[in-house]
Structures are given as structure tokens and as C-alpha cells.
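Novice: Take this sequence and fold it.
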Amino acid sequence: MDQYVIKGGNPLYGEVEIGGAKNAALAILAAAIMTDETVTIENLPNVRDINVLLQAMEQIGAKIERVNAHKVKINGSFIQDVSVDNEFIRKIRASYYLLGALLGKYKKAAVALPGGCDIGSRPIDLHLKGFRAMGAQVDIAHGLVEASADHLMGTHIYLDKVSVGATINIMMAAAMAEGKTVIENAAKEPHVVDVANFLNSMGANIRGAGTDVIRIVGVEKLHKTEYSIIPDQIEAGTFMFAAAATGGDVMVKNVIPKHLEATTAKLLEVGCIIEEFDDAVRVISNGRLQRTQVTTLPYPGFPTDMQPQMAVVLGIAEGTSTVTESIFENRFKYVDELTRMGADIKVEGNIAIINGVKKYTGARVNAPDLRAGAALVIAGLAAEGVTIVDDIYYIERGYEGFETKLAELGGKIERVSSERELQKFIMKVS
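Specialist: Residues are numbered from 1 along each chain as shown. Next up, the predicted model:
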């Protein structure tokens, strides 16, 4: 089983290039099969979740041409089967986007219930409520969500709570429904806007993405397009927090600074210096970090996907901080692992009370999920001694070349797959 082995204590310096947004890419790939013409997608992150989704799309008949690691051509005209079920697709959360895409185009779909990281309940009842409101018959049987409709009709849908997945899924189905659909209390995340822009580039008629009311006028068919995915704000934020925790100075390039405002605000509060450019953000940390309070909220609030990375920074800040998780109830599973490294964190309900310690110390830890895994790597980079991170397949679901990018910034980190490689690294750095 592959691991990351890290010798901590080196500040990160230099420049890092951010890839395309995984969460936008997954939905855009699914939406690409909604036309019978060839769609070209660029700035695609080459990560495990993306590759699994492409594989699933190929299995139902979509023609996939991988031009290079970050560019793909997709043609959905060969799809014969609207039932998506294999052992891989069950492992990724975004499998449900194929429901909205297939239902919109073919008026029927059957997709395996999704998996992904176990960070708490992420029910898809809002998705199904939206499909039913448009006239679809929806059932769950044999581990599949099955949806079908004679006609999908535009309608007025109010989401009981803000949900990125439901907003995107309903938007995709509505793009090819008859008449006008209004989604109220819609999610405003950048990747919702990116998916709407992508669909519009294919001929959809979607207005209001990025606000809490999205209006969609259904069209009969969509056409080919070439589209480049937005940069990944969570990957960017992860490197920003890595710079902060290690006392480094990192220029994070190929980003949209506006998408990073909540992250930037918290880094300023803890004592970092931030310089913003048109498409880059520089984070300078002198290592003396201050306490603060954080509450995760839907965009434009502080992202739940940045919460573990933020907690790692606060764990070595002066004073007592609190982190309140208001999105997912199971997002503090990394706390036990961080405690092994010397952190002083107490979880009460959905609040983590963090008493800052002088330093982390190296230990062997397990990545419990994607973002928590990345956070433990940051802790290892800031720690004294050697840290080993197990279960790194979680991290590879959402970060491309994570260890390579960190090593280029001066982090002493390697991916190893045997005890011999592990010992070799330890001898090299000791």
C-alpha cells in the first residue's frame, strides 16, 4: 500500500501551478454526453475521481478520446445504455451527475448510489425531489437510482437547503426539459457557475448561476463546444495553508482570487501576509500564527473542504481557536490522527476547540478522507521529525501530483510503496 513519508521542518518556498477544479470537472464531464456532437474539455485535473467517471461513461458507450492528461474529447452519440453501475462508480460521489445528464437527454437513467469520502450524510433526496417535480418517476432499487419520464416539464423548485449537487443535477436535467424551470435557494459555488457556463456554451439557456435563483429555459438539443475548466479553489487553498503552517512564502498561480476570499480572510486573521494578483495569490508566513474562529458555510462562506487544513494551521497558532462545522457532521475524523502528532484538540458536537501547541511531532497517521488526508500531509510538513501518511488513495482522488508539487516547493516528501523505500528515505533525510 502506497504511503507518503515526510520529513518536516522545512518552510515551503517558490511557485505552484493549480490545476482544474475537480468538483466542476466531474459535473462538466457528465454534462458533455448531453449532445451527440463532440465536446472538447481542457484544464481537466488528472486525478482518480475523474478517471473513474470517464471509465464509467465509456462503459455505457460514450466515445472518450484522452488527448493528453488534461484534455479530453467526448462524444455521447454512441450511448446505448442508460444504466451506470460498476464497482468503481460506487466509490465516487459525483456519479449522481450522470442522473441529471442522462435524464435530461434520454428521459431515463439508472445510476448506482454514490460513495466517496465518509464525511457524513450527503443524502440525494433533494436531487430526487427536483426530478420528481419535473415529472420524472424516481425509484431506488437494487442499489440503483432509477429515473424516467415521458416528458420532463419545467417547474418551480425550492431547495430546502443549499446543495451544490442538487443544484447542478436539476440544472442539467432542466436544460433539456420543456418550458421554464426556476431553482430557488440554489447553491452559489464557483463550480455551479462553471457548469452553467459550460451548458450555455453548448446552447443551453441558463441565467442567474452564482445567485440563489437560477432560471432555465429548456432547449431541444445541445451542440458541440470547447471549454476550459476553472482553477481548483480547494487545491489552491490547500497550498496556501501549507505555506502558512510551514512558515513559508508561496506564490499560488493559475487561480481566481475572488474564489479564495474566505480562505484569504482567515489567513490574514492568523497573521499571514497576502498579495493578490490577477491570477495568483502569494502567501507569506513568518511562522508566528494567531488564533481565530472559523465556521464553515456555503459559498461565499468558508468552505467545508478547507476546514481540516485550517484546523492544522490553528493547531500550531498561539492561543485557543474554534472551528465550527455546519455542513457535514462527520468531518472531524482527522482529530485523533492530529492528536498523535501532538495537537491539543477537543471536539464537542460540531465544534473543535483547538489549543495551539508550539509544534507538531512526526507520527504514523491514516488519511480518513480526501481533505483530511491533505491536512495531515501539511501537519507532517510542519512537524519535527518524520511523518508517515497511510491510505493516500483518498488524497489521490482530488490532488494531482501532490507530493511532486510539495517537493518542488522544498518539502521533503516522497511517495513510497515498500518498507525498503521508506527506510531509504529516512536514512537520506536524517
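
Novice: can you give me the helices in the stretch 101-250 of the chain?
Specialist: With DSSP state H, counting those that start in this stretch, the ranges of helices along the stretch 101-250 of the chain come out as 125-133, 164-175, 190-201, 233-246.

Novice: Now mean neighbour count too, for the ones you listed, in TSV please.
Specialist: For every residue, glycine as well, the C-beta is placed using N, CA and C. Compiled in TSV, the helices of the stretch 101-250 of the chain are given as follows (neighbours: other CB atoms under 10 Å):
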stretch	mean neighbour count
helix 125-133	20
helix 164-175	28
helix 190-201	23
helix 233-246	28
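
Novice: Just send those back as a markdown table, with mean pLDDT and distance to Lys258 too.
Specialist: Output for these, formatted as a markdown table (pLDDT from 0 to 100; distance: least, CB to CB, whole Å):
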| stretch | mean pLDDT | distance to Lys258 |
| --- | --- | --- |
| helix 125-133 | 95 | 27 |
| helix 164-175 | 97 | 18 |
| helix 190-201 | 98 | 8 |
| helix 233-246 | 98 | 9 |
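
Novice: among these, which is nearest Leu289?
Specialist: Closest approach to Leu289 among those (CB to CB): helix 233-246, 6.8 Å.

Novice: and that closest one, what does it pack onto?
Specialist: With contacts taken as 3 or more CB pairs under 8 Å, 6 or more residues apart in numbering; DSSP states H and E, helix 233-246 sits against helix 22-31, strand 249-253, helix 261-269, strand 280-284, helix 307-315, helix 370-382.

Novice: swap the cut-off to 6 Å and go again
Specialist: Other elements packing on helix 233-246 under the criterion 3 or more CB pairs under 6 Å, 6 or more residues apart in numbering; DSSP states H and E are strand 249-253, helix 307-315, helix 370-382.

Novice: follow-up on the earlier one: export the helices of the stretch 101-250 of the chain to TSV and tack on distance to Gly8?
Specialist: Converted to TSV, the helices of the stretch 101-250 of the chain look like this (distance: least, CB to CB, whole Å):
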stretch	distance to Gly8
helix 125-133	42
helix 164-175	34
helix 190-201	32
helix 233-246	8
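
Novice: In the stretch 51-200 of the chain, mark out all the strands, start to finish.
Specialist: Assigned strands in the stretch 51-200 of the chain, in chain order: 63-68, 71-75, 83-84, 108-112, 137-141, 144-148, 156-158, 180-184 (criterion: DSSP state E, counting those that start in this stretch).

Novice: now what about the third one, what contacts it?
Specialist: Identification of contacts with strand 83-84 by CB atoms under 6 Å, 6 or more residues apart in numbering yields 56, 60, 98, 110-111.

Novice: try stretch 181-197
Specialist: Applying CB under 6 Å, 6+ apart, the contact partners of stretch 181-197 are 21, 23-24, 27-28, 154-159, 162, 164, 167-168, 170, 174, 206, 209-210, 212-216, 230, 259, 299.

Novice: Just the buried ones from those?
Specialist: Buried subset of these (neighbour count, 16 or more other CB atoms under 10 Å): 21, 23-24, 27-28, 154-155, 157, 159, 162, 164, 167-168, 170, 174, 206, 209-210, 214-216, 230, 259, 299.

Novice: Burial check on the residue nearest to Gly373 when sequence neighbours are not counted, number of neighbours?
Specialist: Distance criterion CB to CB, 6 or more residues apart in numbering; nearest residue to Gly373, sequence neighbours excluded, is Ala367 at 2.8 Å. Neighbours of Ala367 under the rule other CB atoms under 10 Å: 26.

Novice: show me what contacts Ala367?
Specialist: So, once contact is read as CB under 6 Å, 6+ apart, Ala367 ends up touching 373, 376, 389, 391-392, 394-395.

Novice: Many thanks, have a good one.
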